[in-house]
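Asks: return atomic coordinates for the entry below.
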Amino acid sequence: MLDLLLSPALLLSLVIALIYAALFHLWQGRTLRDLGVFALAAVAGFAAGQGVGQLTHLEWLVVGQVHMVEGSLFSWMALLIANRLKV
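Replies: A predicted model of the protein is given here:
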């Protein structure tokens, strides 16, 4: 279990997703709550994109085990949806 939590692929994915959330918050966010929502959306989106990349075996841009293109696309889509749905 600890090996999974310390996985370089997991850490890289989290760092990239949180950078996307921070950038999106600088662009669209107003409150600290928005940053939290964006962080959750970006991480969930990146995870979904990572799953799609693994299932489809697409190898566009893979860094180690991280599917950058799919993860990034899904992360930004999740951020846009979260921004649209926020109250």
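
Asks: quick check: longest helix of the chain.
Replies: Ranked by residue count and defined by DSSP state H, the top helix of the chain is helix 32-56.

Asks: so for that one, what's the average pLDDT?
Replies: For helix 32-56, the mean per-residue pLDDT is 95.

Asks: contacts for that helix, please.
Replies: By C-beta atoms under 8 Å, 6 or more residues apart in numbering, the surrounding residues in contact with helix 32-56 are 13-14, 16-18, 20-22, 24-25, 28-29, 62, 66-67, 69-79, 81-83, 86. Yep, even glycine has a C-beta here, placed from its N, CA and C like the rest.

Asks: mind checking which of these are buried?
Replies: Among those, those scoring as buried are 13, 16-18, 20-21, 24-25, 29, 66-67, 70-76, 78-79, 82-83 (criterion: 16 or more other C-beta atoms under 10 Å).

Asks: restricted to helices, list those.
Replies: Per DSSP H, those map to helices at 13, 16-18, 20-21, 24-25, 70-76, 78-79, 82-83.

Asks: you'd agree S72 is up against I16?
Replies: Yes: contact criterion C-beta atoms under 8 Å: S72 and I16 qualify, at 7.4 Å.

Asks: how far off centre is stretch 14-34?
Replies: Stretch 14-34 sits 11 Å away from the centroid of its parent chain (C-alpha atoms, centre = their mean, to the nearest Å).

Asks: next: stretch 58-71.
Replies: 12 Å.

Asks: again with stretch 80-87
Replies: 15 Å.

Asks: what sits up against that stretch?
Replies: Under C-beta under 8 Å, 6+ apart, the answer for stretch 80-87 is F24, Q28, D34, V37, F38, L40, A41.

Asks: and if we set it to 10 Å?
Replies: 21, 24-25, 27-31, 33-34, 37-42, 44-45 (C-beta atoms under 10 Å, 6 or more residues apart in numbering).
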